[in-house]
Each structure stands twice: as structure tokens, then as C-alpha cells.
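> Here is my input, please return the structure:
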Amino acid sequence: MHQQIRKYDAIIVGGGKAGKTLAMDFAKAGKKVAMIERGMVGGTCINVACIPTKAMVASAKVAHLVRKAREYGIDVGEMNINLKTIIDRKNNIVKSMRDANLKAFLASGMDLIIGNAHFTGYKQIQVELIEPMDGKTTMEITADHIFINTGALPFIPDIPGLKEIPYLTNESIMELESVPEHLIILGGGYIGLEFGQMFKRLGSKVTIIELSKEFLPAEDRDIADTIKTLLEDEEIKFMLGFGIAKVSKQNGQLSLEIKSDTETHTLIGTHLLISVGRIPNTKNLNLSATEVQVDSRGFITVNEYLETNVPGIWALGDVKGGPQFTHVSLDDYRIVKNNLQSNKHICSIQERLVPYTVFIDPELARVGLTEKMARDKGLQIKVAKLPVADIPRAKTLSETDGILKVIVDANTHKILGAAVLCTEGGEVMASIELAMRAGMKYEDLKNGIFAHPTLVEGLNQLFSMI
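Residues are numbered from 1 along each chain as shown. You can find the predicted model right below:
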């Protein structure tokens, strides 16, 4: 007998930041809402990305400070790294946030459906239930408004021998029971750097292999070179311009044959982390059944209002491509919500200012244009740079590594972009970002009064150099 199709006002596929926030808004407004989640309640950020990684980064920072304790006049004796306790702390933080999300979901009045969703027709979805409902293992649902928020997954390259070894991803590496003796990381991007420094500080030998010959190509060379030097000072080894030709397990360890244009080496390690980018989580959605278009990499194609080519279907967050940050997903929610409420296209993703922070230590925080981007655009600019060591607060903290850099329009005096490589760099960058959003001139920060001694006070010094 054919199963009855349940009709909803809105269906959200995937409970990431944009989707879950939108679902709760709809439900609280009295709409009949279904949110389908495979089991990662709260989304990728809470469960396997931002929150757990930053919890572990904090533990690694403490280990680093303990090693430096004598600089502060503190003798602490021998240090013991207990990875199980670090993992337990991380898991407890994740659980508390997941539980809070679940409580909020249920209180909003939405239908939270735990299962795997795929389209079976135009705006029609079948859910294979992980938790049966009313004795059924599948259900059919439909809605006039559907929002795809399924996120992204680690990309695993096709390397000979890789499937035969226990390689790690950003998820599985955070469940290790012991600190790797020698962690090899394939991929020198932001995620690879965070894990590399984290496990180096927890006691691992770390080697990072990066196919590009240029370190952090999206950043200005002075910023990238400073980061590389700081990480090398912590004895992290980089092999730029190399890829893995094959990998095998030998005598309980991993043997990697790595190649560049001119060299071939054998690298022996105990663990291998694959960190070479992410792919959209669309494989099992059967999007062709509803004719939603995707690009060559599988990311869902959207317009500036986050609408797909199918009326009434939107894509939010990482699954649509572009910058893959939780705060971008939240802004996607803002755009869709405001447009739906007004029944007009009043908000779009065009020209939005997207900041980001890489949680190495010191943090790299970026907003707006780099110097290279500005010059490539042919803009008339002024550039100012300030060593973090010149900021009084940094001296009191003994956290003097890094540099502050800002790019200013020479004609309008508006701030075009900034890179803040500094302890608590994300917090310092936020002040610059607010000034940019407000359309302020650089003189407003140059002449502003900031509390002394604070890190943000360095902005007085920085902008005085223009």
C-alpha cells in the first residue's frame, strides 16, 4: 500500500547553523516544519569541526604555556599529556552544546526527523528513518519551501594504497587514544596547520606535505612567511611542492613515497591525516529527481539570494560552495529569513564582508582585501604594518609573535582589509571589521581612545603609521 505523503510548510534537510536557526524561527512562528538530520544534532560545527577542534587547541595552548612557564617565573615540574582527558573534555563540551540544541529544537515545535533524506520527485523527499516512527522505517514528505543545508565532507584523494591503511580525517583524529609519535599531514591549508600545531604541542613529531610550492597562497607573502617561520620555530617540518605517490603499512608504521617535480623521498610515520579540502554532502540526495543544478564539483548552484534553479528550493551553508565558515552559514540564514519575511529580494550575498580566523597560535584573523588583491584591482592604497612586539599588552603577556597589517584606500581613507597575526587576533580584527562595516576612515581608529594596556590599543600605533 502506498505510504501517505506528509505535507509541511517547510522542510530543512540538514541541521547546520543556517538550517537549524531557520527551522526554529519557522516553528516558533507557528509553521509546520520538518528538520531532517542524519544524527549530528547541531551540525558539523558543534560536533566535528569548530567547537571540538578549538577545545583541543585550548588544551594544546596550555601545554605550550606550561613549557614556557619559567619565562613567567613559575616552576611546574614535569608535564604529563593525558590525551584521554583532553578528548573527554572536548566531548563534554560538544555534548553540552548538542543537548542544548536538541532541547531548543524540541521546544520550538518542529518535527525533528532522524534519518537519511533523498529526493524522489519535485519537492518530494523520502526519509530512511534511523529512529523508526509509528513503527515505520521510511516516510514521505513534501513542502512548498525546502532548504538544503547538508554541509560538506572531507575530500579523500585517490592515492594508491590509501584505502588499505587507517588514515585519519579531521573527525577521526579527534578520537585518538594516544598522541601520535609522528603525525604526517597531507595538506598545508588552515585545517592542516591547526592540527599540526596542536599535535606538535601535545608531543608529536609533525611533518606537513603540501602539493603547492607556495605556502598559504591566499595570503600576502609577508603574512604567510611569518606564519611558516613561527611554525618551523616549533619544529614543524614542511615539504612544499610534494604529493604522495603511494602509501603502505610496513612494520606497524606508514611508509609514504612522496614526489615533487624533481625529487622522490620515502617518509616514515605513525599516523596520516588527510586534509586537502572538502566536498559537498550531496551524493545521496538524488538531486536529479527534483532537477536542482550542481556545479562540476557537486556544490549546489545558487543565485545571490541563495535560491537554486528550482523555485521554492534554497541551499545554505557549505553545500552551496564559497567560503566554508559557520558565520557565513548564519548569514545565509539572515538573508533567506529577511527575504521571505518581506516577500522581496532585500538581502543578497553580494558584497558581504566575510571575516575569518585561523586558530593557530598566534591566530591569523583576516577581513577584506589583501595587499595583493588590492594591487591586482589597480587600487591606490597605503599599507601599514606593526610588529606585535611593539604593543605593550603583548609584552606583558610574553606573546609578542606576529604582525598587524592594514590596507587603506589612499583616496577615500577607507579601510580595505586587514590581516592580524596576533594572540587573540580574531578579537582584534573584529574592531577593524566593525570600522569597515560602519564606513569609518582609518583616522577614526588612529585617533580613537582604547583602554590601556590592551591588544586592540595597537590599532592606534598601526594606523598612525599611514
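> so how far is Leu211 from Ser248?
Going from Ser248 to Leu211 by CB to CB, to the nearest Å gives 20 Å. Where you see a C-beta, it was placed from the backbone N, CA and C, and this is true even at glycine.
> Is the closest residue to Leu168 other than its chain neighbours within a helix or a strand, and which one?
The shortest distance from Leu168 to any non-neighbouring residue, by CB to CB, 6 or more residues apart in numbering, is to Leu273 (4.5 Å). Per DSSP states H and E, Leu273 falls inside strand 271-274.
> Show me what that strand is packed against.
Applying 3 or more CB pairs under 8 Å, 6 or more residues apart in numbering; DSSP states H and E, one finds that strand 271-274 makes contact with strand 182-186, strand 253-259.
> how distant is the helix or strand just after it from the center of its chain?
Proceeding C-terminally, strand 271-274 gives way to strand 278-280 as the next helix or strand, assigned by DSSP H and E. What separates the centre of strand 278-280 from the centre of its chain is 12 Å, taken as CA atoms, centre = their mean, to the nearest Å.
> and if you look at stretch 304-322?
The answer for stretch 304-322 is 19 Å, by CA atoms, centre = their mean.
> buried sites along that stretch?
306-308, 313-321 (16 or more other CB atoms under 10 Å).
> ditto for stretch 15-28
For stretch 15-28, by 16+ other CB under 10 Å, it's 15-27.
> Could you do stretch 455-466 as well?
455-463.
> In CSV, list the C-alpha atoms belonging to that stretch.
Taking Å, rounded to 0.1, in the frame of the first residue of the first chain, the C-alpha atoms of stretch 455-466 are listed here in CSV:
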residue,chain,number,x,y,z
LEU,A,455,45.9,44.4,22.4
VAL,A,456,43.4,46.5,20.5
GLU,A,457,45.3,49.6,21.6
GLY,A,458,47.8,48.5,19.0
LEU,A,459,45.4,49.9,16.4
ASN,A,460,46.4,53.5,17.5
GLN,A,461,50.0,52.6,16.6
LEU,A,462,49.2,50.7,13.4
PHE,A,463,47.1,53.4,11.8
SER,A,464,49.5,56.2,12.9
MET,A,465,52.0,54.6,10.5
ILE,A,466,49.9,55.5,7.4
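> residues in contact with it?
If you take CB atoms under 8 Å, 6 or more residues apart in numbering as the criterion, stretch 455-466 is touched by 382, 384-386, 388, 390-394, 404, 406, 408, 422-424, 427-428, 431-432, 442-443, 445-448, 450-451.
> Buried by neighbour count, from those residues: which ones?
Listed as buried from these are 384, 386, 388, 391, 393-394, 404, 406, 408, 422-424, 427-428, 431-432, 442, 445-446; burial here means 16+ other CB under 10 Å.
> Mark which of these are part of strands, please.
Among these, DSSP state E puts 384, 386, 404, 406, 408, 422 in strands.
> Taking those, tell me the two that lie furthest apart.
Pairwise distances across those peak at 18.7 Å for Val408 and Cys422 (criterion: CB to CB).
> mind checking pLDDT for the most centrally placed residue in the chain?
In the chain, the residue lying closest to the centroid (CA atoms, centre = their mean) is Phe325, at 4.7 Å. Predicted confidence (pLDDT) for Phe325: 97.
> Likewise for Gln3?
Looking at Gln3, its pLDDT reads 71.
> how about low-confidence regions in the protein?
Filtered on pLDDT under 70, the chain yields the residue ranges 1-2.
> measure stretch 358-375 end to end?
Stretch 358-375 has its terminal residues 24 Å apart, counting by CA to CA, to the nearest Å.
> Correction: the previous question concerned stretch 32-41.
End-to-end span of stretch 32-41 (CA to CA): 20 Å.
> List the contacts of that stretch.
With CB under 8 Å, 6+ apart, stretch 32-41 has contacts from 6-15, 19-20, 23, 26-27, 47-48, 98, 101-102, 105, 108-117, 125, 127, 130, 141, 143.
> Show me which positions of it end up buried.
Residues 32-38, 40-41 are the ones in stretch 32-41 that count as buried (16+ other CB under 10 Å).
> Would you convert these into CSV that also reports secondary structure and distance to Leu216?
Listed next are the buried residues of stretch 32-41 as CSV, based on DSSP: H, G, I helix; E, B strand; the rest coil; distance: CB to CB, whole Å:
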residue, secondary structure, distance to Leu216
Lys32, coil, 47
Val33, strand, 41
Ala34, strand, 42
Met35, strand, 37
Ile36, strand, 37
Glu37, strand, 34
Arg38, coil, 33
Met40, coil, 29
Val41, coil, 34
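> Can you name the two of those residues that sit furthest apart?
In the buried residues of stretch 32-41, two members sit farther apart than any others by CB to CB. They are Lys32 and Met40, at 23.6 Å.
> now the helices: where do they sit in this structure?
Here the chain has its helices, by DSSP state H, at 17-28, 44-48, 50-67, 83-108, 190-201, 221-233, 326-342, 371-376, 392-397, 425-437, 442-446, 458-463.
> how about CSV for those, with distance to Leu285 added?
CSV is the format used below for the helices of the chain (distance: least, CB to CB, whole Å):
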stretch, distance to Leu285
helix 17-28, 14
helix 44-48, 16
helix 50-67, 24
helix 83-108, 21
helix 190-201, 24
helix 221-233, 37
helix 326-342, 18
helix 371-376, 35
helix 392-397, 48
helix 425-437, 34
helix 442-446, 46
helix 458-463, 46
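> Between the ones you listed, which one is closest to Ile258.
Of all the helices of the chain, helix 190-201 sits nearest to Ile258, with 15.0 Å by CB to CB.
> Check which helices and strands the longest strand along the chain is in contact with.
Ranked by number of residues, the top strand in the chain under DSSP E is strand 136-148. In terms of contacts (3+ CB pairs under 8 Å, 6+ apart), strand 136-148 is packed against strand 5-13, helix 17-28, strand 111-121, strand 124-133, strand 313-315.
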